[in-house]
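Attaching a predicted model along with its sequence, questions to come.
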Amino acid sequence: MASLLSLQLPLAVRRSGCFTSLTSTFASPLLCSRRNYLKNDWPESEYLHKSIVPTMHYQKSLPRLPIPKLEDTIRRYLAAQRPLLNKEQYRNTEKVALDFQKGVGKELHEELVALDKKNKHTSYISAPWFDMYLSARDSIVLNFNPFISFTADPKPEYNDQLVRATNMVCSALRFMKTLRAVCLEPEVFHLNPAKSDTETFKKFIRWVPPTFSWYGAYMVNAYPLDMSQYFRLFNSTRIPRPGRDELFTDQKGRHLLVIRKGNMYVFDVVDRDGNLVRPTEIHAHLSFILSDPTPPPAFPLGFLTSENRDVWAGLREKLLAAGNAEVLRLVDSAVFCVCLDEESMRDPVHISHNMLYGDGGNRWFDKSFSIIFSKDGHAAVNFEHSWGDGVAVLRFLNEVFKDTTEKPQVSPGSPPAAMDSASAVTHLQFKLDSELERAVGKAWKKYQEAVSKVTIETMEFRKGGKEALKKKKLSPDAIAQLAFQMGFLRQYGQTVATYESCSTAAFRHGRTETIRSATVHTKRCAHAFIREGSQHSLDELRGLLDECSKYHGQLTKEAAMGQGFDRHLFAMRYLVTSKGLPLPSLYQDPAYAAINHNILSTSTLTSPAVTLGGFAPVVPDGFGVGYGVHDDWIGSNVSSYPARNVREFLQCVHESLEDIFGVLDGKLPQS
């Protein structure tokens with residue numbers, strides 16, 4: 001089945017970012033429900049659109065994520081290790097890897113394949129990947145939760161905090177209702193929109209049985225993507241538990257959670273009949289909260305969600321024992337969270353710090369997502385990462401941005417409706433004893449210490465972008481990744497483990513695969529530009545760029561097709577550890593630890609709805625590299641801890657891009 005996809009799909013879908021235990025995780029009501037779908041009496045104002053094709057129409061027929069051949073995984077693993085190791089290290093790693101392939105690795109691979117055949121409803125990586133996230137005991141702040149920032153509304157007056165928050169809440173609710181009515185347009189990549197993204201085709205494919213619908217789309221070069229993560233967007237929270245957290249979803253929740261100055265409020269946004277409350281009511285309730293004179297609480301509970309997960313699990317039990325079960329239920333089951341901040345933003349760096357972590361007392365990091373609004377109307381989504389990846393969140397952002405800018409429900413001149421918000425809005429009150437108060441204070445202190453170590457810098461390269469690179473027949477993403485390799489070599493004199501996230505949403509319950517963008521080609525090219533510039537002609541340097549682009553395109557294609565090596569090796573290691581067996585020598589090899597110590601962790605999501613995205617480094621001596629290659633410029637938003645100088649790194653990346661574009665313009669680099 002995967003071979004059907006292999007021609008062109010991979011470049012299209014790379015947007016980033018216990019095999020039986022998760023059956024219920026994906027038993028989404030969206031798969032079973034077609035309520036309202038064929039009804040014509042629904043109020044149009046409560047929905048984004050009414051898709052001809054039901055939202056989950058393609059889900060049953062999506063191809064399954066393939067398990068790569070073991071020999072291919074080992075070959076790709078060794079190829080990724082080659083630029084990171086000296087000759088002696090590589091010979092040792094090669095022997096260990098080939099011994100694994102012939103011995104215990106072969107047994108593990110066969111066991112993995114057998115388990116996969118017994119669990120055809122899901123993918124081989126889904127349960128281990130959930131377990132990896134939910135079993136992690138580190139704080140989810142900085143270590144896991146990323147942010148994606150909305151573009152400003154093109155009408156400046158609509159960027160007022162109250163107006164924008166009201167409109168975005170309304171659009172988010174419309175998205176939720178459209179999704180749950182299975183009327184949200186399915187996520188499909190159209191290679192030939194003139195054939196597949198048409199009313200005629202949609203009317204046809206709608207009547208093709210769901211078990212065959214994917215094939216019908218494939219016949220016209222359309223590729224449906226997995227949408228199993230979408231039902232976790234709303235009414236969902238990560239609940240801390242000892243040893244392993246739990247994902248909780250309660251679609252009966254009808255209320256919104258709002259946090260301002262560390263105070264938590266809830267009010268209903270859906271009535272008892274399932275209808276959305278009027279925008280004027282939401283506007284009035286948010287206005288009421290923004291004008292509430294209640295001072296910040298002495299012990300803001302939001303800080304507890306930034307704690308070590310086992311610590312937080314123990315404290316949650318104490319909160320329940322102290323009589324907070326009902327308020328915690330309201331927090332956990334809320335449709336989503338809105339954070340109304342008191343600060344205005346100065347620049348992109350300030351926005352990044354605020355949206356990545358901000359005032360921890362004004363956050364509830366465990367919610368599936370929070371929309372954060374600064375005092376001056378900047379908006380961003382901070383999301384908990386275990387339940388899903390960038391594809392689902394980006395679709396949400398795109399739809400909300402489009403709806404709020406094209407069909408705003410309130411305007412800057414709209415006064416809040418005259419209504420009794422005081423009775424409609426509930427200010428949540430928590431009961432804290434002295435032990436819990438001390439715990440909040442301790443979490444607060446730990447939080448401040450952790451976030452104080454984060455440095456973020458941005459870079460804009462304005463001398464060329466996607467259009468210029470495509471004219472030269474070069475992959476824009478390959479050139480951006482090469483610039484990071486060149487920048488690190490220029491700064492630190494090394495080639496290091498690099499991670500680029502790639503979506504495998506083309507497959508049922510796909511998550512991500514890794515593009516290992518530090519290659520023998522990027523290493524050779526970086527050295528030629530930086531250390532050997534005078535020794536190479538323009539044609540030779542251009543040839544090296546072509547090699548990097550071609551090989552990166554191959555890696556991208558393989559990763560999007562589930563043909564990387566990282567997830568396969570991870571799943572086999574998971575089999576070993578889940579049985580409590582000793583790790584095979586491959587996993588004990590220092591080279592395996594080194595390649596998974598990702599000093600350069602990178603991800604890209606580009607959209608007109610998005611201006612910034614970011615995350616913290618995944619290792620103490622690493623960089624967290626968010627970037628976008630736009631039509632005529634390249635931007636990067638990079639974080640680091642004290643072990644690295646992020647400003648200098650971005651200066652080196654900028655110089656590297658100047659060298660690359662200089663060669664494309666016929667100028668040799670000055671080295």
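All right, it came through fine.

could you say which helix or strand contains the nearest residue to residue 230 once chain neighbours are set aside?
The shortest distance from residue 230 to any non-neighbouring residue, by CB to CB, 6 or more residues apart in numbering, is to residue 392 (5.5 Å). The way it works is simple: take the backbone N, C-alpha and C, and place the C-beta from them, glycine included. Using DSSP states H and E, residue 392 sits in helix 390-406.

Give me the domain ranges for this structure.
Recorded structural domains for the chain (assignment: the TED database) are 70-133, 139-184+234-452, 188-224, 455-566+577-665.

which stretch among these comes nearest residue 62?
For residue 62, the closest of the domains of the chain is domain 455-566+577-665, at 4.0 Å, according to CB to CB.

now could you export just the CA positions of stretch 227-234 as CSV?
Provided in CSV are the C-alpha atoms of stretch 227-234 (Å, rounded to 0.1, in the frame of the first residue of the first chain):
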residue,chain,number,x,y,z
MET,A,227,-7.3,13.0,11.5
SER,A,228,-7.5,10.7,14.6
GLN,A,229,-5.8,13.4,16.8
TYR,A,230,-8.5,16.0,16.2
PHE,A,231,-11.0,14.8,18.9
ARG,A,232,-8.4,15.5,21.6
LEU,A,233,-8.3,19.2,20.7
PHE,A,234,-11.3,20.1,22.8
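
ok now it, how far from the chain's centre?
Chain-centre distance of stretch 227-234: 13 Å, with CA atoms, centre = their mean, to the nearest Å.

Show the low-confidence segments of the stretch 151-300 of the chain, by residue range.
Along the stretch 151-300 of the chain, segments meeting pLDDT under 70 are nowhere present.

before we move on, the earlier item: now that we have the domains of the chain, can you turn them into a markdown table and tack on mean neighbour count and distance to residue 63?
Below are the domains of the chain laid out as a markdown table (neighbours: other CB atoms under 10 Å; distance: least, CB to CB, whole Å):
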| stretch | mean neighbour count | distance to residue 63 |
| --- | --- | --- |
| domain 70-133 | 17 | 10 |
| domain 139-184+234-452 | 19 | 16 |
| domain 188-224 | 16 | 7 |
| domain 455-566+577-665 | 20 | 6 |
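
possible to save these as JSON lines with distance to residue 56?
Listed next are the domains of the chain as JSON lines, based on distance: least, CB to CB, whole Å:
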{"stretch": "domain 70-133", "distance to residue 56": "14"}
{"stretch": "domain 139-184+234-452", "distance to residue 56": "6"}
{"stretch": "domain 188-224", "distance to residue 56": "8"}
{"stretch": "domain 455-566+577-665", "distance to residue 56": "11"}
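
pLDDT of the helix holding residue 392, averaged?
Averaging pLDDT along helix 390-406 yields 96.

How far off centre is it?
14 Å.

For it, which helices and strands make contact with it?
Using 3 or more CB pairs under 8 Å, 6 or more residues apart in numbering; DSSP states H and E as the contact test, the elements touching helix 390-406 are strand 147-150, helix 161-180, strand 379-383, strand 498-503.

Tell me the helix or strand right after it.
Next in sequence after helix 390-406, counting helices and strands by DSSP H and E, comes helix 421-424.

tell me the mean pLDDT over that next one?
For helix 421-424, mean pLDDT rounds to 90.

Neighbouring strands of the next helix or strand after it in the sheet, and parallel or not?
Sequence-wise, the next helix or strand downstream of helix 421-424 (DSSP H and E) is strand 426-427. Within its sheet, strand 426-427 is paired with strand 263-268 (antiparallel), according to DSSP bridges.

And the contacts of the partner strand?
Applying CB atoms under 8 Å, 6 or more residues apart in numbering, the contact partners of strand 263-268 are 254-259, 277, 285, 289, 292, 294, 296-297, 301, 327, 330-331, 334, 364, 421, 424-428.

got the angle for the next helix or strand along the chain from that strand vs strand 263-268?
For strand 263-268, the following helix or strand on the C-terminal side (DSSP H and E) is helix 279-290. Taking axes from the mean of the first three to the mean of the last three CA atoms, to 10 degrees, one finds helix 279-290 and strand 263-268 inclined to each other by 160 degrees.

which other helices and strands contact helix 279-290?
Packing partners of helix 279-290 (3+ CB pairs under 8 Å, 6+ apart): helix 161-180, strand 255-260, strand 337-340, helix 421-424.

With distance to residue 458 as new columns, can the ones you listed be given to me in TSV?
Output for the helices and strands packed on helix 279-290, formatted as TSV (distance: least, CB to CB, whole Å):
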stretch	distance to residue 458
helix 161-180	23
strand 255-260	27
strand 337-340	22
helix 421-424	39
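
May I see the helices and strands packed on helix 390-406 organised as JSON lines, with distance to residue 564 added?
Listed next are the helices and strands packed on helix 390-406 as JSON lines, based on distance: least, CB to CB, whole Å:
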{"stretch": "strand 147-150", "distance to residue 564": "24"}
{"stretch": "helix 161-180", "distance to residue 564": "30"}
{"stretch": "strand 379-383", "distance to residue 564": "24"}
{"stretch": "strand 498-503", "distance to residue 564": "8"}
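
so which of those comes closest to residue 133?
Residue 133 lies closest to strand 379-383 among the helices and strands packed on helix 390-406, at 12.4 Å (CB to CB).
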